[in-house]
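Peer 1: please find the sequence and the predicted model below.
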Amino acid sequence: MKVYVASRFTLAGVFATREVQRLCRDAGHTITFDWTGHFDAALRLVDSASGLLDAGALSALEAKGALEDFKGASDADVLILIPYEGIKGALVEVGIALGSSASVLVIGDDKAVGLFRHLPGVEQIDDVSELPAWLAGMEGA
């Protein structure tokens, strides 16, 4: 199964995403795109002497990332969402996945996806410890 994991573009979001991706890979699934590398790349755009971010390089990285994220979400069989307060970009990815007939799994509070949590193909688990069993169930579906 092809999986895209969506979360917040922060260090905590990167760590959570990498853990979910690891569980998916361990279960034999393919990650359509690992956006967490963009976080690492963005950190390298900070000038160590001044502490300032190269805005032009960041804009180019964001443009590249938008295309790769779009393709990753649209190519997925399932999008796994790790919701967060103030969720924005990840909801765009959820919409892309749903529009591409992918399933969506929300880890945690499914109210983050609003009324779309009622659509067929949108499921919820309470925490990441339930993911291996959910993935195993998807294989049999």
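Peer 2: Cool, got the structure. Residues are numbered from 1 along each chain as shown.
Peer 1: you'd agree D69 is up against E93?
Peer 2: Yes - D69 is within contact range of E93, at 6.2 Å (criterion: Cβ atoms under 8 Å). Where you see a C-beta, it was placed from the backbone N, CA and C, and this is true even at glycine.
Peer 1: ok, now which ones touch the nearest residue to A16 once chain neighbours are set aside?
Peer 2: Nearest residue to A16, sequence neighbours excluded (Cβ to Cβ, 6 or more residues apart in numbering): I82, at 5.0 Å. For I82, the contacting residues are 5-8, 13, 16-17, 20, 90, 107-108, by Cβ atoms under 8 Å, 6 or more residues apart in numbering.
Peer 1: longest helix of this structure, counting residues only.
Peer 2: Ranked by number of residues, the top helix in the chain under DSSP state H is helix 55-75.
Peer 1: the chain: strands as residue ranges?
Peer 2: 2-6, 30-31, 78-81, 103-107, 122-125 (DSSP state E).
Peer 1: in the helix or strand of the chain with the lowest mean pLDDT, what's buried?
Peer 2: Here the helix or strand of the chain ranked lowest by mean pLDDT, DSSP states H and E is helix 36-44, holding a mean of 82. Buried positions in helix 36-44, judged by neighbour count with 16 or more other Cβ atoms under 10 Å: 36, 38-39, 42.
Peer 1: and the residues you listed as JSON lines, adding distance to M138?
Peer 2: Below are the buried residues of helix 36-44 laid out as JSON lines (distance: Cβ to Cβ, whole Å):
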{"residue": "T36", "distance to M138": "23"}
{"residue": "H38", "distance to M138": "27"}
{"residue": "F39", "distance to M138": "27"}
{"residue": "A42", "distance to M138": "32"}
